[in-house]
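Just a sequence and a predicted model for now, questions to come.
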Amino acid sequence: MRRQVQPICISCRDRPELLELTPHFQVADADRRLAKAKQDAEAYAKEAQASAIKKVDQFDRKVEEGASKAKSGISGWFGGSSK
């Protein structure tokens, strides 16, 4: 289990100009940046997945239309219905 880190070092409590130099601040800042990067990556993956699914659906429609046309053409040769 991860231990809660205090954002301000005891020695720097009265010196805010040193706050960014403390290990506690650096860890907290790294955690925030990591969480943001994770959110961005998840959003990008979701968009990429949606785009890929859309392209696959378009391809499937074209293939089905082509197969339907081919089936009706072949059926016409043998006197079958175009259903």
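Sure, I can see it.

quick one: low-confidence parts of the chain?
1-21, 76, 79-83 (pLDDT under 70).

quick one: the helices in it?
For the chain, applying DSSP state H gives helices covering 23-77.

How many neighbouring residues does Glu47 have?
Neighbour count for Glu47, taken as other CB atoms under 10 Å: 10. Yep, even glycine has a C-beta here, placed from its N, CA and C like the rest.

now do Ala67
Ala67 has 10 nearby residues by other CB under 10 Å.

for Ala41, same thing?
By other CB under 10 Å, neighbour count at Ala41 equals 10.

which ones are touching it?
Contact analysis of Ala41 by CB atoms under 8 Å, 6 or more residues apart in numbering lists nothing.

Against Pro23, how distant is it?
Going from Ala41 to Pro23 by CB to CB, to the nearest Å gives 26 Å.

Kindly report the same for Ser68.
On the measure of CB to CB, Ser68 and Pro23 end up 67 Å apart.

Between these two, which has more neighbouring residues?
Set Ser68 next to Pro23 and count neighbours by other CB under 10 Å: Ser68 wins out with 12 against 9.

Now do the contacts for the more buried one.
Going by CB under 8 Å, 6+ apart, the list of residues near Ser68 is empty.

Please save the CA atoms from stretch 62-81 in PDB.
Extracted as PDB, the C-alpha positions of stretch 62-81 are listed here (Å, rounded to 0.1, in the frame of the first residue of the first chain):
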ATOM      1  CA  LYS A  62     -18.700  -2.500 -49.300                       C
ATOM      2  CA  VAL A  63     -17.900  -6.200 -49.200                       C
ATOM      3  CA  GLU A  64     -21.500  -7.100 -48.500                       C
ATOM      4  CA  GLU A  65     -22.700  -4.800 -51.400                       C
ATOM      5  CA  GLY A  66     -20.200  -6.400 -53.700                       C
ATOM      6  CA  ALA A  67     -21.100  -9.900 -52.700                       C
ATOM      7  CA  SER A  68     -24.800  -9.100 -53.200                       C
ATOM      8  CA  LYS A  69     -24.200  -7.800 -56.700                       C
ATOM      9  CA  ALA A  70     -22.100 -10.800 -57.600                       C
ATOM     10  CA  LYS A  71     -24.700 -13.200 -56.200                       C
ATOM     11  CA  SER A  72     -27.500 -11.600 -58.200                       C
ATOM     12  CA  GLY A  73     -25.300 -11.600 -61.400                       C
ATOM     13  CA  ILE A  74     -24.400 -15.300 -61.000                       C
ATOM     14  CA  SER A  75     -28.000 -16.200 -60.200                       C
ATOM     15  CA  GLY A  76     -29.100 -14.400 -63.400                       C
ATOM     16  CA  TRP A  77     -26.900 -16.700 -65.400                       C
ATOM     17  CA  PHE A  78     -28.700 -19.800 -64.100                       C
ATOM     18  CA  GLY A  79     -32.200 -18.300 -64.100                       C
ATOM     19  CA  GLY A  80     -32.400 -18.000 -60.300                       C
ATOM     20  CA  SER A  81     -34.000 -15.100 -58.500                       C
END
